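Peer 1: Got a sequence here, can you build the structure:
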Amino acid sequence: MEYYKRFVRRNKDYVHSLESLANGLTWLLPERFSESEIGPEAVTSFLGIITTINEHILDTTPTQIRQVESSSFPLSLCITLLKDLETLVEVAGQQLYGEEKKWNFMAVTEAIKASLRLASFRNSGYKMLLHGGESINDGNDPGDFDSRRNVISKIHHENNSQNLEGRALFALSRFGENARTISEPTWLRRVQHQQAIMDPPSPVAETGSLSDFLSEKGIISGGFFLTGEVMFILRPLVYVLLVRRYGVRSWLPWVASFGVDLVGHGIISAVRHSSNDFRLSNAEKSELKRRKFLWALYLMRDPFFTKYTRQKLDGTQKVLEPVPVVGLLTEKLVELITGAQTRYTYMSGS
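Peer 2: Have a look, this model is predicted:
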């Protein structure tokens with residue numbers, strides 16, 4: 001295993017190229033969406049697991065300065081591996097037990113993912129989950145240190161600018177800082193940079209408890225934020241349980257799931273704009289945009305897809321069918337979209 005780790009770390013560009021090529025070729029596997037074939041999905045899941053393991057090896061490289069989970073149990077890795085396996089579980093359940101009973105396996109899968117995400121949410125000190133818990137939210141952005149230093153310098157300058165002595169001290173301080181940076185030899189800066197890379201990261205501080213979070217953010221604002229985030233985590237499980245009970249053709253799971261998404265996102269947005277205690281990082285702002293973008297998947301879920309989206313796709317295909325090359329590509333694209341739509345895991349946004 002150590003040999004494989006060294007190989008991946010030394011040839012990461014080559015490994016990434018092979019992974020991209022292999023994952024792209026899986027879409028060309030014959031009968032991928034026909035009769036719930038297990039073989040092609042098993043190949044896809046296997047490649048996904050290999051990719052995830054390789055990314056984990058690169059993330060844990062000793063020379064990489066990356067945030068690591070304080071828990072010895074890699075929850076983010078487990079969530080990613082489970083997502084790599086969920087389509088295979090769906091296909092195997094459908095082929096072996098039928099369309100209706102496959103939702104039992106999907107319910108178990110979503111329950112496990114929800115449990116892992118809730119645990120990750122708690123371990124992170126109740127920070128917003130990034131990419132469904134697959135990425136670690138350290139609450140910081142690159143350049144935050146420089147920004148804080150500039151703000152402190154500005155405040156210090158404003159406080160001392162009212163007298164001549166203060167202005168002189170501020171100018172002398174800035175001159176000394178710039179002179180130190182310029183006068184440092186290149187070899188010394190290189191050694192310092194290398195030392196910073198090689199030194200082990202400092203231990204991650206223990207995350208606060210729920211009471212600490214509520215006391216810091218406020219009971220009302222903190223409580224609403226927790227509610228919105230928990231709604232986002234539990235939404236896929238709610239959808240699957242309703243589909244298992246009422247069927248995929250029912251509007252109730254579709255409307256209920258969309259409603260949970262809208263309400264949860266609305267709560268977090270309201271807390272964000274109404275409370276000064278919730279200042280989101282750039283990564284968290286991007287996460288909110290990503291969640292809104294996932295709402296487009298509701299166009300691909302039944303019964304909306306069968307009633308509306310499928311008709312639009314068929315109409316577009318008929319219009320472009322006489323056009324050479326374009327018509328053939330459109331037909332293939334519609335075939336892929338229609339086939340992917342039959343898989344819950346492709347359109348779940350979970």
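
Peer 1: what's the pLDDT at residue 206?
Peer 2: Looking at residue 206, its pLDDT is 57.

Peer 1: Ok, residue 41 next?
Peer 2: Looking at residue 41, its pLDDT is 73.

Peer 1: Of all the residues in the helix or strand where it lies, which ones are buried?
Peer 2: Per DSSP states H and E: residue 41 is located in helix 38-59. By neighbour count on 16 or more other C-beta atoms under 10 Å, the buried set for helix 38-59 is 40-41, 43-45, 47-48, 50-58. For every residue, glycine as well, the C-beta is placed using N, CA and C.

Peer 1: Going by distance to residue 332, which of those wins?
Peer 2: residue 40 (16.4 Å; C-beta to C-beta).

Peer 1: now residue 129: how far from residue 233?
Peer 2: To residue 233, residue 129 is 7 Å away according to C-beta to C-beta, to the nearest Å.

Peer 1: where does the stretch 151-300 of the chain have low pLDDT?
Peer 2: 151-207 (pLDDT under 70).

Peer 1: Can you identify each of the helices in it by residue range?
Peer 2: For the stretch 151-300 of the chain, the helices defined by DSSP state H, counting those that start in this stretch cover 164-183, 186-198, 210-217, 219-246, 251-274, 282-293.

Peer 1: Any buried residues in the fifth one, and which?
Peer 2: Of all the residues in helix 251-274, those buried under the rule 16+ other C-beta under 10 Å are 253-254, 256-258, 260-261, 264-265, 267-268, 271-272.

Peer 1: give me every residue that touches residue 295.
Peer 2: 258, 261 (C-beta atoms under 8 Å, 6 or more residues apart in numbering).

Peer 1: How much space separates it from residue 54?
Peer 2: The gap separating residue 295 from residue 54 is 31 Å, by C-beta to C-beta.

Peer 1: same check, this time on residue 283
Peer 2: Residue 283 is 23 Å from residue 54, where distance means C-beta to C-beta.

Peer 1: How about residue 91?
Peer 2: As judged by C-beta to C-beta, residue 91 and residue 54 stand 24 Å apart.

Peer 1: what does residue 279 give?
Peer 2: The gap separating residue 279 from residue 54 is 35 Å, by C-beta to C-beta.

Peer 1: same question, residue 220
Peer 2: Separation of residue 220 from residue 54 (C-beta to C-beta) stands at 44 Å.

Peer 1: Run a quick neighbour tally on the nearest residue in space to residue 222 that is not next to it in sequence.
Peer 2: When the adjacent residues along the chain are set aside, residue 222 lies closest to residue 214, with 4.4 Å between them (C-beta to C-beta, 6 or more residues apart in numbering). For residue 214, the count of nearby residues is 18 (other C-beta atoms under 10 Å).

Peer 1: Alright, I will stop here.
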